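In: Next come a sequence and a model predicted from it.
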Amino acid sequence: MDHEIVDYMEMALSTAEIAAHRGEVPVGAVIVDTASGRIIANSGNQMVGRSDPTAHAEMLALRAAGNMIGSQRLVDCDMYVTLEPCPMCAAAISLARIRRLYFGAYDPKGGGVEYGARIFDQASCHHRPEVYGGIHECESATLLKNFFETRR
């Protein structure tokens, strides 16, 4: 596997760990400008801290990246996220025109890419990024599992 992909996913995992320390579900997202290889957005879940059900890591990263480049279209950007995006986030990723989506753990219960709504497979979906799941899957799944075990 390309070392850059691993590096970006490790950054997403670090961001997820920080979210867990804040009491948030440990999901981290990183958006990379593919032309420069520069990270233009990095966020973890902030739903609890912001009292906002839409403050998923992916949504916050998309907003930050759009602000950074001055456009709602992120056509030359890739997203790395530790958990398969939910339907809301998958729809936003499509609307942003993300080039490639890399994610860690699969989410049979709440996913919207490989499971559940499968947003990118819907006729109403305007853009389907290239999707690569299972990147650092064990680390991502373990982080989530450990977080929820401490809360039970």
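Out: Structure received.
In: where does this protein have low pLDDT?
Out: For the chain, residues meeting the criterion pLDDT under 70 lie at 1.
In: Counting by contacts, list what the helix of greatest length in it packs against.
Out: Looking across the chain with DSSP state H, the single longest helix is helix 3-21. Judged by 3 or more C-beta pairs under 8 Å, 6 or more residues apart in numbering; DSSP states H and E, helix 3-21 is in contact with strand 28-33, strand 38-44, helix 57-69, strand 77-83, strand 100-105, helix 137-149. C-beta here means a position set from N, CA and C on the backbone, and glycine is covered the same way.
In: can I get the ones you listed in JSON lines with distance to residue 20?
Out: Putting the helices and strands packed on helix 3-21 into JSON lines (distance: least, C-beta to C-beta, whole Å) gives the following:
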{"stretch": "strand 28-33", "distance to residue 20": "9"}
{"stretch": "strand 38-44", "distance to residue 20": "8"}
{"stretch": "helix 57-69", "distance to residue 20": "12"}
{"stretch": "strand 77-83", "distance to residue 20": "11"}
{"stretch": "strand 100-105", "distance to residue 20": "14"}
{"stretch": "helix 137-149", "distance to residue 20": "5"}
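In: possible to save the ones you listed as TSV with mean neighbour count?
Out: Below are the helices and strands packed on helix 3-21 laid out as TSV (neighbours: other C-beta atoms under 10 Å):
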stretch	mean neighbour count
strand 28-33	27
strand 38-44	21
helix 57-69	22
strand 77-83	28
strand 100-105	24
helix 137-149	15
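In: quick one on the thing from earlier: go through the longest helix of the chain and flag the buried ones.
Out: For helix 3-21, burial by neighbour count (16 or more other C-beta atoms under 10 Å) applies to 5, 8-13, 15-16, 18-20.
In: tell me the angle that helix makes with helix 57-69.
Out: Counting by axes from the mean of the first three to the mean of the last three C-alpha atoms, to 10 degrees, helix 3-21 lies at 120 degrees to helix 57-69.
In: Could you export helix 3-21 as CSV, CA atoms only?
Out: Extracted C-alpha coordinates of helix 3-21, given in CSV (Å, rounded to 0.1, in the frame of the first residue of the first chain):
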residue,chain,number,x,y,z
HIS,A,3,2.9,5.0,2.2
GLU,A,4,1.1,8.4,1.7
ILE,A,5,-2.3,6.6,2.1
VAL,A,6,-1.0,5.0,5.3
ASP,A,7,0.3,8.4,6.6
TYR,A,8,-3.0,10.2,5.9
MET,A,9,-5.0,7.4,7.5
GLU,A,10,-2.7,7.5,10.5
MET,A,11,-3.4,11.2,10.8
ALA,A,12,-7.2,10.5,10.7
LEU,A,13,-6.7,7.9,13.5
SER,A,14,-4.8,10.4,15.6
THR,A,15,-7.6,12.8,15.1
ALA,A,16,-10.1,10.1,16.1
GLU,A,17,-8.2,9.5,19.3
ILE,A,18,-8.3,13.1,20.2
ALA,A,19,-12.1,13.1,19.7
ALA,A,20,-12.3,10.1,22.0
HIS,A,21,-10.4,12.0,24.7
